[in-house]
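> Sequence first, predicted coordinates after that:
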Amino acid sequence: MDLHIDIHGDGRRPWLLLVHGMLSSRAQWRPNLQALGEVCTPVTVELLGHGRSPGPADPAAYTVEAYVRRFEAVREHLGVERWFVCGQSFGAGLTIRYALIHPERIIGQVFTNSMSGLSPAARARSADRLARADAIEQGGAEAMKALPFHPRPARRLAREIWADLLADADLLQPAAIAETLRTTSPDLSVAADLTRIAVPTLMINGLRETDFQPLRDLAAAEIPGVEVVDLPGGHSVNLDQAEGFNTAVTAFIRRLWRPANGA
């Protein structure tokens, strides 16, 4: 298990895996952990090249399938049979794929706005992503600051959260981020597989991200039994609408969790 994890709780409540998005870190979940901890045991992970996780040189380490194996390794490390998962942005593509491959391990899944996860696969293979990867390898940290999903422009957030995200952005490893764009991103889309989702699903949508709304409608139409909560937030809806996010997720977990689930 090579991903950095932090466990928030003693495991007496059901486990919840929290996976952040591109150029974020465990700080993504700071305003959610206390509320979520009342109904579950949150476990935050950091993606390769992010935060305190390593940035291996081997491209094979960055495949979506490799991430699915890592999530399984985290579950086995915790000694839990079934758990909840939650993905934000880029992380949502990974957690939804994990739920598609291992539905028997999932009590329920939550995800937020994810252009990369819900857009058609062809979009993820665009030349623009390859150009960004090359620019990051050549320009390092300064090139990453120019990316639209870097936390630097996110000034709508509470100052202490923004400061945490910026501090963790200094830990980003350019070569690993470039490899993520080249290797993970092209296979991240789950758009063609939404009808195959077989676990209880909650989508929390930030309405202010207008580009995502057609994908929100696609997911709402195609995911069997999906519950949708629309909030007046942006891309990082769990941060700028933390109270609404926390309320929706805790209610979802309370409805689904029973000790007999064996998690």
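Arrived safely, thanks for sending. Numbers count the residues shown, from 1 in each chain.

> Tell me, how many residues neighbour the closest residue to Val64 other than its chain neighbours?
On the basis of CB to CB, 6 or more residues apart in numbering, the spatially nearest residue to Val64 that is not a chain neighbour turns out to be Asp187, at 4.7 Å. (Glycine included, C-beta is placed from N, CA and C.) Here the number of neighbours of Asp187 (other CB atoms under 10 Å) works out to 16.

> Going along the chain, name the strands of the stretch 51-200 of the chain.
Counting by DSSP state E, counting those that start in this stretch, the stretch 51-200 of the chain has strands at residues 83-87, 106-112.

> Make CSV out of those and add mean neighbour count, mean pLDDT and distance to Ser236.
Compiled in CSV, the strands of the stretch 51-200 of the chain are given as follows (neighbours: other CB atoms under 10 Å; pLDDT from 0 to 100; distance: least, CB to CB, whole Å):
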stretch, mean neighbour count, mean pLDDT, distance to Ser236
strand 83-87, 27, 98, 13
strand 106-112, 26, 98, 8
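
> Could you take those strands and lay them out as JSON lines, with extra columns for distance to Phe252?
Below are the strands of the stretch 51-200 of the chain laid out as JSON lines (distance: least, CB to CB, whole Å):
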{"stretch": "strand 83-87", "distance to Phe252": "8"}
{"stretch": "strand 106-112", "distance to Phe252": "6"}
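
> closest to Ala158 out of those strands?
strand 106-112 (17.5 Å; CB to CB).

> how much space between Leu16 and Phe71?
The gap separating Leu16 from Phe71 is 12 Å, by CB to CB, to the nearest Å.

> joint contacts of the two?
Contact criterion CB atoms under 8 Å, 6 or more residues apart in numbering; residues bridging Leu16 and Phe71 by contacting each: Val85.

> Compare the two and say which is more crowded by neighbours.
Just comparing Leu16 and Phe71: by other CB under 10 Å the higher neighbour count belongs to Leu16, 28 against 24.

> The more buried one contacts Pro42, doesn't it?
Yes. Here Leu16 reaches Pro42: they are 5.1 Å apart, a contact under CB atoms under 8 Å.

> Name the residues contacting each of the two.
When contacts are counted by CB under 8 Å, 6+ apart, Leu16 and Pro42 have Leu36 as shared neighbours.

> got the end-to-end distance for stretch 79-86?
Criterion CA to CA, to the nearest Å; first-to-last residue distance in stretch 79-86 is 19 Å.

> Quick check: closest non-adjacent residue to Trp15.
Leaving aside its chain neighbours, Trp15 sits nearest to Trp83 (4.0 Å; criterion: CB to CB, 6+ apart).

> wait, isn't that neighbour in contact with Leu17?
Yes. Counting by CB under 8 Å, Trp83 touches Leu17, with 6.1 Å between them.

> average pLDDT for the longest helix along the chain?
Once the chain is assigned using DSSP state H, the helix that runs over the most residues is helix 127-145. Taken as a whole, helix 127-145 has a mean pLDDT of 88.

> what's the answer for stretch 153-169, then?
Mean pLDDT, computed over stretch 153-169, is 87.

> ok now it, how far from the chain's centre?
Taking the mean C-alpha point of stretch 153-169 and that of its whole chain, the gap between them comes to 17 Å (CA atoms, centre = their mean, to the nearest Å).

> Next: stretch 209-229.
Relative to its parent chain, stretch 209-229 has a centroid offset of 16 Å by CA atoms, centre = their mean.

> Show me where this protein has its helices.
Using DSSP H, helices in the chain cover 33-36, 64-78, 90-101, 115-118, 121-124, 127-145, 159-169, 174-179, 213-222, 237-240, 242-256.

> of those, which approaches Leu194 most closely?
helix 213-222 (4.0 Å).

> Show me which positions of that closest one end up buried.
The neighbour-count criterion (16 or more other CB atoms under 10 Å) identifies Leu215, Arg216, Ala219, Glu222 as the buried residues of helix 213-222.

> Stretch 70-89 too?
70-71, 74-75, 78, 80, 82-89.

> and of the residues you listed, the nearest to Asp2?
Nearest to Asp2 out of the buried residues of stretch 70-89 is Arg70 (CB to CB; 7.0 Å).

> For the closest residue to the closest one other than its chain neighbours, list the residues it contacts.
Closest residue to Arg70 apart from its sequence neighbours, by CB to CB, 6+ apart: Leu3 at 5.4 Å. Contacts of Leu3 were listed using CB under 8 Å, 6+ apart, and they are Val45, Glu46, Leu47, Leu48, Ser53, Arg70, Val74.
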